[in-house]
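> Here is my input; please provide its structure:
(2 chains)
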Amino acid sequence: MKKYLYILTLVIPSFFFTSCTESDDEFFASTIVTANSLIELDVTGNELNVSCYVSRLLPQPNNPFDIYLTSTSRKIFFNYTLEKKNVSGAWEYYTPTTVSVIEGENEIDEIISGIAVLDALDTTYEYETNNTLAPGQYRVIVEPEIVTLNAQDAVMVTIKTTTVGAVGNVLEFTID
Amino acid sequence: MKKISYILVLLLSVGAFAQSNETMTTDTIVSPILAKKNEVKVDVLNGIAFGKLGISFERFLNKDFSVGITGMMFNKKSKTDDFLTDDTRTLIDYQVIPYVRYALSKSASSLYYLEGFVNINGGEYKELTTLNNGAADYVVITKKDYNDVALGGSVGYKLYFKESFVLDLTVGIGKNLFKENSPSTVARLGINLGYRF
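Numbers count the residues shown, from 1 in each chain, chains lettered A, B, ... in the order given. Now for the predicted structure:
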């Protein structure tokens, strides 16, 4: 019995060793580029328009950066939230019900993921959506980074950007 | 690394306990095991878990000290095939491990030991490389080779059956010394089955 205890005192730590040394040696295939003003917000009448058009060959200071060749991903996404002020004056998440997709796709929950899809000519990732809103005070908060979706066996690309039509990536507006 | 230090301290204390305990029952007759000076072993842990072939030879200098060498090579095909796309940064292709062992226990048939080793290892590592196709830059994952030397220590336990067959468990860690892109640490793990002659 004692012998088996001795054996276990070595076998069990050996698995800890394996996990420790392996987690010290992880590889994250991801790269970050910066390009400003890729997400745009616009309010006209009772419609909130959110758009994101990203050239596959993203202009950079030296050479353009090929998002598709790097990531092999036909979709890129960014997240934003839409909030509405309730009767007590507090912001609460608002899920838009009347959504008109012009380009790309949406994943709508408390956080909305706007998914821009590479067009048929493989030149531009496109996303545009109109949200028709009821009267009230609203706030849109954009997470200013666009990330490639399902960059399997390739390099994940994160694009740090800014939002046109918002101050500090936040837009407050009123629908009458 | 802290965790590893704690485990080492724990193992050493267990080893010390075992030693003090066994002095009470020290063999009064010289064991036939001690008369056999050579041992060959095959690593079944690395063979089964990682598809690596690990073979060791150990030469016993006296009842306390022994020297040996372990060679470990090859990798499971699935491991090498997936290397470019999995989340590990390095893949060790070969290891040559000369070592010195000191027996902590006086019993010849079951004993704890301490080991110091040098691990000469080589393999591949991944990195991101920016290329240009004439129209734009793009980034790809590339593989490159490395070779390095690590120094390290282990503790282990040996159990002999029928005075010739041995089960040898080793756990330890070493630190690569020279190359920035080699694995920072190399594990010394083994469950070896062998024969002493």
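> Can you report how many residues neighbour B:Glu163?
Residues lying near B:Glu163 (other C-beta atoms under 10 Å in any protein chain shown) number 15. Yep, even glycine has a C-beta here, placed from its N, CA and C like the rest.
> Any figure for the gap between it and chain A?
Applying C-beta to the nearest C-beta, to the nearest Å, the value for B:Glu163 to chain A is 16 Å.
> Quick one: residues contacting that residue.
The neighbours of B:Glu163, taking C-beta atoms under 8 Å, 6 or more residues apart in numbering or on different chains as the test, are B:31-33, B:36, B:109, B:196.
> Am I right that it sits in a strand?
No: using DSSP: H, G, I helix; E, B strand; the rest coil, the assignment for B:Glu163 is coil, not a strand.
> where's it relative to B:Asn38, distance?
14 Å (C-beta to C-beta, to the nearest Å).
> Name the residues linked to A:Thr31 by a beta bridge.
Beta bridges link A:Thr31 to A:Val157 when assigned by DSSP bridges.
> Once you drop chain neighbours, what's closest to A:Thr81?
The spatially closest residue to A:Thr81, leaving aside those adjacent along the chain, is A:Ile141, at 5.0 Å (C-beta to C-beta, 6 or more residues apart in numbering or on different chains).
> if we can go back for a sec, please render the contacts of B:Glu163 as a markdown table that adds pLDDT, distance to chain A and neighbour count to the earlier fields.
A markdown table is the format used below for the contacts of B:Glu163 (pLDDT from 0 to 100; distance: C-beta to the nearest C-beta, whole Å; neighbours: other C-beta atoms under 10 Å in any protein chain shown):
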| residue | pLDDT | distance to chain A | neighbour count |
| --- | --- | --- | --- |
| B:Ser31 | 78 | 16 | 14 |
| B:Pro32 | 82 | 19 | 13 |
| B:Ile33 | 78 | 15 | 21 |
| B:Lys36 | 84 | 21 | 16 |
| B:Ser109 | 85 | 10 | 16 |
| B:Arg196 | 92 | 18 | 21 |
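> secondary structure class for A:Phe28?
A:Phe28 ends up coil, using three-state DSSP.
> May I have the phi/psi pair for it?
Note on A:Phe28: its backbone torsions stand at phi -110, psi 110 [degrees, to the nearest 10].
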